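**Q** Mind looking at a prediction? Sequence and model below.
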Amino acid sequence: MDVVRSMKIFIAVAEAGSFTGAALEIDATTGYVSRTVAELESRLRTRLLNRTTRRIALTQAGERYLSRCRDILASIEAAESEASQAHATPSGTLRVHAMASIGQNYVVPAVAAYQRLYPDVAVDLTLSQNVPDLLEDGYDVVLRVSPDKLPDSNYICHELGTVRGILCASPAYLAKHGTPKTVDDLARHPRLQVALSVFPSDHWRLIGPDGQCDVPLPVHRFKVNVPDAMAVALHEGMGIGALPTLAARASLRTGALVRVLPDYYLQALDIYAIYASRQYVDAKIKTWVECVRASIADALIEDARLTGHYDERRETHIDAAKTSAAPAATRG
């Protein structure tokens, strides 16, 4: 028995004052309307209508039930309208997960820009080095980095851009211990590594004028799993370290850190935005992906200029990515 439809028919009968009038109103037969009300009374084990040959009238139980039915149907209509609006108007709480350095340097500025456009959306941002389960952990969008293309899955993935790693040290450290001129010179310096799953644990993979080379890493005197903490270690003169440009940008601007072997960079990391489905995408998810895509693309261009990796052809590629919305099905 479709209880909601039965409620609608009962309301139509009560308002029309007859089964025939209700049947005309909902485009059904009089017999169907009469049977539906009888089945509803049987289910409730309560008489809702008193019937005579000339008219029908609500019982006291029927009057109370009519009022409840109107409230219930109004709530259903409101819920359906609210759910439908989720695909048209951004609202509610957007739950986002990102790796710590991406979150601090790229995502938080993107959130500020997003909420200026959509002030009705609250953003709940979680920063950690772990890769969450998008659905089980209840996130709307996960932002992650990977040196390789992500494997296919039922999730939707947008590539937001590419961040490079660079070698850095403090000016004071280099003044005391000397500045490496070649890759081989790195062997005479403490080499600090960020312990992230996206980087090899035993070597630096450098890409430079002569192609790719691997620099072995000895047993670490110090390692840490957050790039921003590595930046602090380099400020303290602990050695030479590899940092994503996003974690080095502020220190490079102030001169607190400088590039080491500026013709070389570490393997590139692609940044992805991942969400559950392309069908009936919630408006807050769709608009957030568009906003963070544009914001990160602009930041990547700025970082490329800062580190000397700026390429106008690459900027054209990034600008195209900002306006393209062709997702690939992939799992994070």
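**A** Yep, that arrived. Residues are numbered from 1 along each chain as shown.
**Q** Only C-alpha atoms from now on, for both contacts and neighbour counts.
**A** Fine.
**Q** Show me what the lengthiest strand in the chain packs onto, helices and strands only.
**A** Ranked by residue count under DSSP state E, the longest strand found in the chain is strand 156-169. Strand 156-169 sits against helix 227-235, strand 240-244, helix 245-254, strand 258-260, strand 265-275, helix 283-307, helix 312-323, strand 328-329, with contacts defined as 3 or more C-alpha pairs under 8 Å, 6 or more residues apart in numbering; DSSP states H and E.
**Q** Dump those into CSV; add distance to I207 as well.
**A** CSV is the format used below for these (distance: least, C-alpha to C-alpha, whole Å):
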stretch, distance to I207
helix 227-235, 20
strand 240-244, 13
helix 245-254, 15
strand 258-260, 13
strand 265-275, 5
helix 283-307, 14
helix 312-323, 17
strand 328-329, 28
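**Q** quick one, which of the ones you listed is nearest to A78?
**A** Closest approach to A78 among the helices and strands packed on strand 156-169 (C-alpha to C-alpha): helix 283-307, 18.1 Å.
**Q** Compare the helices and strands packed on strand 156-169 and report which one is nearest to N50.
**A** It is, among the helices and strands packed on strand 156-169 and with distance given as C-alpha to C-alpha, helix 283-307, at 49.1 Å.
**Q** before we move on, back to that, pull the residues that contact the following helix or strand past the longest strand of the chain.
**A** Sequence order places helix 171-177 as the next helix or strand after strand 156-169, per DSSP states H and E. With contact meaning C-alpha atoms under 8 Å, 6 or more residues apart in numbering, helix 171-177 is reached by 189, 237-239, 255-258.
**Q** swap the cut-off to 10 Å and go again
**A** 168, 178-180, 188-189, 234-240, 255-260 (C-alpha atoms under 10 Å, 6 or more residues apart in numbering).
**Q** Show the subsequent helix or strand relative to it.
**A** Next element after helix 171-177 (DSSP H and E): strand 191-194.
**Q** Give me the contacts around that following strand.
**A** Here strand 191-194 has contacts from 167-168, 199-204, 215-231, 233-234, 238-244, using C-alpha under 10 Å, 6+ apart.
**Q** what residues are up against the nearest residue to G62 once chain neighbours are set aside?
**A** Leaving out its chain neighbours, the residue that sits closest to G62 by C-alpha to C-alpha, 6 or more residues apart in numbering is L48, at 4.0 Å. L48 sits next to 10, 14, 37-38, 40-41, 57-66 when contact means C-alpha under 10 Å, 6+ apart.
**Q** List only those of the residues you listed flagged as buried.
**A** Buried members of the contacts of L48, counted by 16 or more other C-alpha atoms under 10 Å: 10, 14, 37-38, 40, 57-58, 62, 65-66.
**Q** which ones among these are found in strands?
**A** Residues from the buried ones among the contacts of L48 lying in strands, with DSSP E as the criterion: 57-58.
**Q** farthest pair in the buried ones among the contacts of L48?
**A** It's L40 and A57 that sit farthest apart of these, by C-alpha to C-alpha, at 16.0 Å.
**Q** How about the contacts made by the most centrally placed residue in the chain?
**A** Ranked by distance to the mean C-alpha position of the chain (C-alpha atoms, centre = their mean), the top residue is V141 at 1.8 Å. Contact analysis of V141 by C-alpha under 10 Å, 6+ apart lists 94-98, 125, 134-135, 156-157, 272-276, 285-286, 288-289.
**Q** Kindly report the same for L40.
**A** L40 touches 1-3, 6-7, 9-10, 46-48, counting by C-alpha under 10 Å, 6+ apart.
**Q** now those as JSON lines including secondary structure and pLDDT?
**A** Below are the contacts of L40 laid out as JSON lines (DSSP: H, G, I helix; E, B strand; the rest coil; pLDDT from 0 to 100):
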{"residue": "M1", "secondary structure": "coil", "pLDDT": "72"}
{"residue": "D2", "secondary structure": "coil", "pLDDT": "86"}
{"residue": "V3", "secondary structure": "helix", "pLDDT": "86"}
{"residue": "S6", "secondary structure": "helix", "pLDDT": "89"}
{"residue": "M7", "secondary structure": "helix", "pLDDT": "89"}
{"residue": "I9", "secondary structure": "helix", "pLDDT": "91"}
{"residue": "F10", "secondary structure": "helix", "pLDDT": "90"}
{"residue": "T46", "secondary structure": "coil", "pLDDT": "89"}
{"residue": "R47", "secondary structure": "coil", "pLDDT": "90"}
{"residue": "L48", "secondary structure": "coil", "pLDDT": "91"}
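**Q** just to revisit the earlier point, nearest to T20 among the buried ones among the contacts of L48?
**A** A14 (11.4 Å).
**Q** returning to that earlier point: return a selection command, for use in ChimeraX, containing the buried ones of the contacts of strand 191-194.
**A** Command for ChimeraX that selects the buried part of those, burial taken from 16+ other C-alpha under 10 Å:
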select :167,168,199,204,217,223,226,227,228,230,231,233,234,238,239,240,241,242,243,244
